[in-house]
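**Student:** Below is the sequence, then the predicted model.
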Amino acid sequence: MTYFVFTLGCKVNSYESSAIATTLERKGYLLDEKNPDVVVINTCSVTHVADQKSRQHIRKFRKMYPSAVLVVMGCFMQSNKEYAKSELDIDILLGTSQRDKVLEYIEQFLTNREKIIAIEDNPRKFVKYEELNVTSCSENIRAYLKVQDGCDNFCSYCLVPYIRGKSRSRDFDMCLKEAKELVSKGYKEIVVSGIHVGRYGKDIDKTFSELIKSLSDINGLNRLRISSIELSEIDDEFLHLLNSRDNIAKHLHLPLQSGSNNVLKKMGRKYTREEFINRVKEIKKEVPDVALTSDVIVGFPGETEKDFMDTYNLLKELGFYQLHVFPYSVREGTVAASLPDQISPKVKNERVKRLLELSKQLEEEYEKRFINQRLDVLFERFDGQYNIGHTSNYLQIKVKSDYPKVGNIENILIESNNIVKN
C-alpha cells in the first residue's frame, strides 16, 4: 500500500501530518505522491482564505486520485462538518481528534467501502491530550515537537478555541522521550510547538519554563526554538534560561495583533499597549540581541487611523525583526463578525502595505547589527550553489559551496551579501 500526506496551515498541522505519515509507514505503507492508495489532507481554518484553500485542495486531490482512499482531517473539517459531509466527496472525515485511529478507519473503509464520519460535535469536551505515540519528524534537520493543544483565550476574531477545544498539555515525560529520540536520530534543532504553547503545564502541575529547562538539558541537542508564545507567559525563569543557555534560540515570536488599547480590548486580548511595551523592553534588556518577530492584524472593526498608527509606532519603537501582517478576516460565529464599523478592503490593503514596508525597514536595521560578526549557522538545505541555514536569532544565511553541508553547524562571518532577503 502507498500513501501521500498533504498539509495546509501551521506548524502544529505539520507535526500532526508527519505523525500520521510515520504511523502509516510503521504499518508498511510506502510514500508515493504519483499513485497513492491513500491520500491524507490536513486542513486549516484560521481565515476564510484558509477555508477556501482547504475546499480547493480536497476537490483537487479527489480529481487527481479518484480511486484512492481520501482521508481529510483538521480544523476546516471540524468547523465545516455539515458542509463537508454533504458537499465534498470524502471517504473518511476526521476533525481535530481521533487522528490516532486513522489506520483503524482506513482498514475499516477498505473492508466495507462505507463513508466514515468521526468528527466530534463539541471539541470543548476534549480534556486529554491526544498522544499519537510516534516520533514525528517534519524536516531533514529541524523537527517539530508538539507539547500542547487547544486554546482558552477566546479572542473575539478567532474560532480556534471552538475548533481545537480546551488547552491541554502533553505528558511531561512523553515530551522529553520524543525529544531524546529526535536527537538520537540526528536532528539538530527542535521547535517546541502548540496551539497556545505558553499554557503548557497549567493542567498537569508543571510550567512551560520547567519543560524548556529539561529539554535544553538533553545531551546533544544543538538548538531549541520556541514556535510562538504570548508575551504574558514569559516568566523570569524563562528569560533567565533564554539568556544563559546557548542552545535556546535567541528568537521569540510574540503575537501583538494590535498596538491600540481600543482595538486590543475589542479583540479580547489580555494585555494593554503599555504592558506589552514594558515587557518587551525587559526582554531586550535581559537578552539584547534577541530577534523578535510578531503577528499583526490590521483593519479590525472600528480601527481608526490613530489606532493603526499606535500599532505602527509601537512596532517601530520596539525594533521588531520581522512582521507577519494579516488583514482582518471575518469569521462567522465569532464576536468580531457582528461588530459595527467593518473596515473596507481598500483600507485594509493600504494598511497591510504600510506595515510590510515597515517590516522591511526593521529587518534591514536588525540585520545591520550583525554584519562583520561571527555567528553559528545550522545549514538546512543546499541548492546546488549555496548552503542555506539559520542562525540562533533567525537570520537566514547563504554560503557559497561546491558541496552540501546540510546538518552542519559552522561559525560564519556575517556579510551583507550572504544574508538571504525574504
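**Tutor:** Done, it's in. Numbering: from 1, shown residues only.

**Student:** how about the helices of the stretch 301-422 of the chain, start to end?
**Tutor:** Using DSSP state H, counting those that start in this stretch, the helices of the stretch 301-422 of the chain run over residues 305-318, 345-368.

**Student:** again with the stretch 151-300 of the chain
**Tutor:** Ranges of helices in the stretch 151-300 of the chain, per DSSP H, counting those that start in this stretch, are 160-164, 172-184, 208-216, 236-244, 261-267, 273-286.

**Student:** Could you say which one of those comes nearest to Gln361?
**Tutor:** Proximity to Gln361 (Cβ to Cβ) singles out helix 273-286 among the helices of the stretch 151-300 of the chain, at 18.0 Å. Glycine gets a C-beta too; all of them are placed from N, C-alpha and C.

**Student:** got the CA coordinates for that closest one in PDB?
**Tutor:** Taking Å, rounded to 0.1, in the frame of the first residue of the first chain, the C-alpha atoms of helix 273-286 are listed here in PDB:
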ATOM      1  CA  ARG A 273      -0.200  48.600  24.800                       C
ATOM      2  CA  GLU A 274       1.800  49.800  27.800                       C
ATOM      3  CA  GLU A 275       2.200  46.300  29.300                       C
ATOM      4  CA  PHE A 276       3.400  44.900  26.000                       C
ATOM      5  CA  ILE A 277       6.000  47.700  25.600                       C
ATOM      6  CA  ASN A 278       7.300  47.400  29.100                       C
ATOM      7  CA  ARG A 279       7.700  43.600  28.900                       C
ATOM      8  CA  VAL A 280       9.400  43.700  25.500                       C
ATOM      9  CA  LYS A 281      11.900  46.300  26.900                       C
ATOM     10  CA  GLU A 282      12.600  43.900  29.900                       C
ATOM     11  CA  ILE A 283      13.200  41.100  27.500                       C
ATOM     12  CA  LYS A 284      15.600  43.200  25.300                       C
ATOM     13  CA  LYS A 285      17.400  44.400  28.400                       C
ATOM     14  CA  GLU A 286      18.000  40.700  29.500                       C
END
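
**Student:** Poorly predicted segments of the stretch 51-200 of the chain, please.
**Tutor:** By pLDDT under 70, the low-scoring segments of the stretch 51-200 of the chain are 133-134, 136-139.

**Student:** please redo it, this time with the cut-off set to 50
**Tutor:** Applying pLDDT under 50 to the stretch 51-200 of the chain flags no residue at all.

**Student:** cool, and the stretch 251-400 of the chain?
**Tutor:** The stretch 251-400 of the chain contains no residues with pLDDT under 50.

**Student:** I'd like to know which of the helices of the stretch 151-300 of the chain is closest to Ser392.
**Tutor:** That would be helix 236-244 among these, by Cβ to Cβ, at 10.6 Å.

**Student:** buried sites along that closest one?
**Tutor:** Neighbour counts over helix 236-244 (16 or more other Cβ atoms under 10 Å) mark 238-239, 241-242 as buried.

**Student:** So which of those residues is the closest to Gly9?
**Tutor:** Phe238 (26.4 Å).

**Student:** right, and the closest one touches Phe208 too?
**Tutor:** Yes - counting by Cβ atoms under 8 Å, Phe238 does reach Phe208; the two are 6.8 Å apart.

**Student:** Surely Ile419 and Gln396 touch.
**Tutor:** Yes - using Cβ under 8 Å, Ile419 is in contact with Gln396, at 7.0 Å.

**Student:** Single out the most deeply packed of the helices of the stretch 301-422 of the chain.
**Tutor:** Across the helices of the stretch 301-422 of the chain, the average number of neighbours (mean count of other Cβ atoms under 10 Å) peaks for helix 305-318, which reaches a mean of 17.

**Student:** now it, how far from the chain's geometric center?
**Tutor:** Centre-to-centre, helix 305-318 and its host chain are 25 Å apart (Cα atoms, centre = their mean, to the nearest Å).

**Student:** who touches that helix?
**Tutor:** Helix 305-318 is contacted by residues 256, 258-263, 273, 276-277, 280-281, 284, 292, 294, 296, 298, 323, 351, 354-355, 358, 362 when judged by Cβ atoms under 8 Å, 6 or more residues apart in numbering.

**Student:** who's sitting farthest from the centroid in this protein?
**Tutor:** Each residue of the chain has a distance to the centre, and by Cα atoms, centre = their mean the biggest one is for Asn112: 36.9 Å.

**Student:** measure that one to Lys60 for me?
**Tutor:** Relative to Lys60, Asn112 is positioned 27 Å away (Cβ to Cβ, to the nearest Å).

**Student:** May I see the helices of the stretch 151-300 of the chain organised as a markdown table, with distance to Val5 added?
**Tutor:** Rendered in a markdown table, the data for these read as follows (distance: least, Cβ to Cβ, whole Å):
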| stretch | distance to Val5 |
| --- | --- |
| helix 160-164 | 20 |
| helix 172-184 | 19 |
| helix 208-216 | 26 |
| helix 236-244 | 33 |
| helix 261-267 | 34 |
| helix 273-286 | 37 |
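
**Student:** Thanks a lot, see you next time.
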